[in-house]
Structure formats: C-alpha cells, structure tokens
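J.: Sequence and predicted structure below; questions after.
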Amino acid sequence: MGIGTLARVVTESLIKLEKKDLGIHTETFSDNIIDLIESGVVTNQKKSINRGKVIASFAMGTKKLYEYVNCNPAFEFRETSYVNDPNVITQNRKMVAINSALEVDLTGQVCSDSIGHSFYSGIGGQVDFIRGASRSEGGKSMICVKSTTMRGTVSKIVPRLSEGAGIVTTRGDVDVIITEYGHATLRGRIIRERVLSLIAIAHPKFRNELLEAAKSLKYVSDDQVPFIARGTYFPIEYESFTEIEMPEGLVTVHVRLIRPDDSDRIKELFYGLSEDSIFFRFLTPLRMLRLQTLQEFYHVDQESDISIVAVVGDREEGECEKIVAAGRYLLDRSTNQAEFALLVKDEYQNRGIGTHVLNQLMRIAKSKGVNAFIAYVHPKNVPMINFIHRTNKLIESRLSLEDNQHTFILRL
C-alpha cells in the first residue's frame, strides 16, 4: 500500500468499489489501512501465505495508527529481507504491486528516486514488489503517475530521462503504466508499441510533441499520424463486454476504442482474414495492408467518427490482447447519417461479436445525435446482407445495378 497520495486514492477507490476480503503484503503503510480493515475491504482471510495477517516492515502515520496497530494480532512486522523478498512476494496469489514514479521515458524506463542529479527519495521496494508480483499467479504490477508536474507545464512522460536521473525500474521489468488518461501495457511489447502506448496516456497537449521526439529518435516511422490533442483514448462510456462460445469454451470479449498502439494487432487481424472477407470489406483483392490504410483505422476525429475493436486475451494469465473484430462509422454532416463497416475474423464469425460491435457503435452514435446508419454492401456479400436483415433495424434498402452495390439504411 505504501504512503502518500497514491495510497489514499487507492484506498478510497477500493472502498467505493466495495471490494472485499483483500490481503496486504507491503513494505509500509499509513492510516489508510484502518479504513480498509474497518470497511471489510481488507480481511487477509484469503491470502496464500500469512493468512489473517497484514505483513509489513514498518508503518508511518498518526498516533491513531500506532494505537490501532499496538498489540493488534492482525498485524505482523517482519524484517525487510523477508517482506521485500521477491520469492516471498510471489507466493501471494493475484499479488498487485502499485508504485509511483517521477519520470517515465518512451521506452518504459522508470525513474522514481531522483529529479536529475538531485535525490528525491530512495528506491524502496519498488523493484522487489514489481518482480514479485509479475511472477505471482494472476499477479500484475502498476506504475501510477500523474501525466504532468509543475502545474501542468512539464510532462512526466518524456522522450528520455533527465540527465542524472536513475533507472529504478527497467523497461524489462515494467508491466503497466497508468496516468489519469489511461493505461499502457508494456510487458511483452516492442519499442514502437511501447512508444505509441505511452504517448496515448500522456497529457493531450504534450502528445504530438512526444511523437515528434519519437520520430527523431527513430522509434516510430516519419509518417506516423498525429495523436488526438484532447481527451482520452480510454473513455469508459465506449467500453463493453460480452461472452461468446468458442470450441475451447466461453471467451470474454472486450470492446473498446481503437488506439494508435493497435496497429500491429490490426495487421494481425487483416492477415488472418480469408480472401472473401478482405474483398467484401475493401472491395478489392488486397494482398497487403498499406500503412496509410492501416492508419485510417485509428486516425479518426472522435467528434464525428468512431472506430472500435473487439479484443480477446486473458490478462490474468498474462496473455496479450488480440483483435478479433473492428467496427467503424464515419459521419456525413450534411445528412447526419453515418456510414458504418464491420470486420470480424473468420473463426469468430456467427458467434454474436458482429451484433455486439454494431450495437455498441449504434449506442455511441445515438448519444452523439446521429440520425441513422448507412451501409454499402456488395451484392455477393450474402452473409453481410443477411446480417443486416437480422438486426431488425432496416428502414430502407436499395440495389444499384450501375454501382453494383446494395444501400441499406438502419435506424439507431
């Protein structure tokens, strides 16, 4: 748990979310732990080791905390060589390590003890707990950092660490970086993906400045499209979940807004499609996905256009996300109608994903005041034609022999 603002915010969130029966294994804690225990969030009754005990090396807080801990059998203080031992930490199933940082560079290197040559604090147990949590069954580690400092004038996500800054957590150890603008999963990612993920969670006014720095450092291509300079790539209102039946059993599908770091996952989706799926989506027998076409997937003006993806991958088991479907609409402001298109990986078709993605697109469009959806479909694309008829939202259908396409208008 640690001490300070981060510990306080985590405590408030856990209580608000009504989490129960959590356990604590931490280097230190403060008064926040009292609220966690009194609210039932922390009971320690389901811990894999040291069940029923808060395990820590020391505590820092008020007189109230010291009186609460004194002679309290729920607390057990152990030497740091035990508490911070990654081999001990990893024995806690679903261990979550939450740490903070002063700077994070675009490759994921974390500085948390100094501002340049000036030391701000010690490294503490950050690396110990990150490594222990990463090896824990179902565990994960997070670095939480505000996107800016100095009253919003300086970005904490930087092209390179400041001169003299020490690397506390290496890019090889880092798992997830979180700011108020979203989260970047870095474990197992190549440099380009890391860079794009971190820029996406930087403060909007610094995103394209960071992108230009990344281009000069050759982290990304020179024609990488700009980032949106407002808002977040992680709006909760655009997210949804569903379950589908696959040969291996039920699979959870997460639908969310597309992001620039999805480029490689979009390529994997494209190259896994059948020739028919590619032809009917792009109306040409593409053999390769050009960079411009790829970037068109995620470079959209969220004020009028939306692109979403459906992803699978059990993060609890350390699996990387895989995009299995994508949906998009583009608004024609003159008619207030939006053209939509769907793409579902062949082995995931006819399992309800397309319906879920379309319903999500419609929900978003309706909230933005769009009047209707319009689709242009090749006459031989019988599966899509049947899909549209099954939506029960069709209000107009036209076949143009000259253009060799069906035009469908759907109500939202």
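T.: Thanks, I have it.

J.: use CA for all of it now, contacts and neighbours both
T.: Noted.

J.: pLDDT on the biggest helix by length in the chain, on average?
T.: Scanning the chain for the longest helix, with DSSP state H as the assignment, gives helix 353-367. When pLDDT is averaged along helix 353-367, the result is 95.

J.: quick thing: my sequence starts at 3, can you match it?
T.: Fine by me, first position is 3 from now on; the one you just mentioned is helix 355-369.

J.: Now tell me what touches it from outside.
T.: Contacts made with helix 355-369 from outside it, assessed by Cα atoms under 8 Å, 6 or more residues apart in numbering, are listed as 240, 242, 244, 246, 257, 308, 310-312, 327-331, 344-346, 375, 393, 414.

J.: next structured bit after it?
T.: Scanning forward in sequence from helix 355-369 by DSSP states H and E, the next helix or strand is strand 374-379.

J.: Mind listing the strands that next one pairs with, and their directions?
T.: Strand 374-379 has the following sheet partners, assigned by DSSP bridges: strand 339-346 (parallel), strand 407-413 (antiparallel).

J.: Which residue would you name as the spatial centre of this structure?
T.: For the chain, the residue sitting closest to the mean C-alpha position, by Cα atoms, centre = their mean, is His185 at 4.7 Å.

J.: is it true that it touches Ile179?
T.: Yes. Distance between His185 and Ile179: 5.6 Å, which falls inside the contact criterion (Cα atoms under 8 Å).

J.: If any of the contacts of helix 355-369 are buried, put those into a PyMOL selection.
T.: In PyMOL, the members of these classed as buried (16 or more other Cα atoms under 10 Å) are selected with the following command:
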select buried, resi 240+257+308+310+311+312+327+328+329+330+331+344+345+346+375+414
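
J.: Among the contacts of helix 355-369, name the ones in strands.
T.: Counting by DSSP state E, the contacts of helix 355-369 place 242, 244, 246, 257, 308, 310-312, 327-331, 344-346, 375 in strands.

J.: before we move on, back to that, what angle separates the longest helix of the chain from strand 374-379?
T.: Note on geometry: by axes from the mean of the first three to the mean of the last three Cα atoms, to 10 degrees, helix 355-369 and strand 374-379 are set 140 degrees apart in direction.

J.: Same question for helix 355-369: list its buried residues.
T.: 355-360, 362-364, 366-367.

J.: Give me the contact list for the helix or strand harbouring Val197.
T.: Secondary-structure assignment from DSSP H and E places Val197 in helix 193-202. Contacts with helix 193-202, where a contact means Cα under 8 Å, 6+ apart, come from 108-110, 159, 179, 183-188, 209, 212-213, 216, 221-222, 229, 234-235, 261-264.

J.: same thing with stretch 371-381?
T.: Applying Cα under 8 Å, 6+ apart, the contact partners of stretch 371-381 are 282, 285, 333, 338-343, 364, 386-387, 406-414.
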